[in-house]
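J.: Build me a model from this:
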Amino acid sequence: ATIARIAMGFAVTFGFPLGFTGLRDATMSVFGMPQEKFVPLTMLLLSFIITGACFFHDLGLANSLGGAIFGAMITLIFPGILLYYTGHFRGVTEFSSFESKMGSFFIVAMGVSLMLFGSTLVIIIKYFPEVVGK
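T.: Take a look at the predicted model:
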């Protein structure tokens, strides 16, 4: 167990700066912030992250909700949106208008329902385990 704790400490120590650098750079790029705002933005983002870490203690819940939400988005919702836009792109003849509209609607609807049911199940299992017999 001690080796696992040391390995997790190593992963967090060297992994967080990589993820944070991406967050900060993407935020600066999206909002068109000048380089002079580098340090204030860093302090602001770190204060949000630290404040959230002070109040949120269950990483298993965050991991489960993230899996339910992002899993549905990656496997169904994003492909459905891509199908819709591909069908409406000039020169694309692989899909009819009906296929691109109804197919994408069905795929996105299934993804949203999977996301909602998965997230609901995660919350029920966490806070009301007697409902599912745990």
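J.: List of residues touching the worst-scoring helix or strand of the chain on mean pLDDT?
T.: Taking mean pLDDT, DSSP states H and E as the measure, the helices and strands of the chain show their lowest mean at helix 97-98, namely a mean of 83. Helix 97-98 has contacts (CB atoms under 8 Å, 6 or more residues apart in numbering) with G87. In short, each C-beta sits where N, CA and C put it, glycine included.
J.: do that again at 6 Å, thanks
T.: Applying CB atoms under 6 Å, 6 or more residues apart in numbering, helix 97-98 turns out to have no external contacts.
J.: now the next helix or strand after that helix: mean pLDDT?
T.: Scanning forward in sequence from helix 97-98 by DSSP states H and E, the next helix or strand is helix 104-127. In this model, helix 104-127 has an average pLDDT of 96.
J.: same thing with stretch 76-85?
T.: 93.
J.: And it, how far out from the chain middle?
T.: With CA atoms, centre = their mean, to the nearest Å as the basis, stretch 76-85 stands 17 Å off its chain's centre.
J.: Understood, closing this out.
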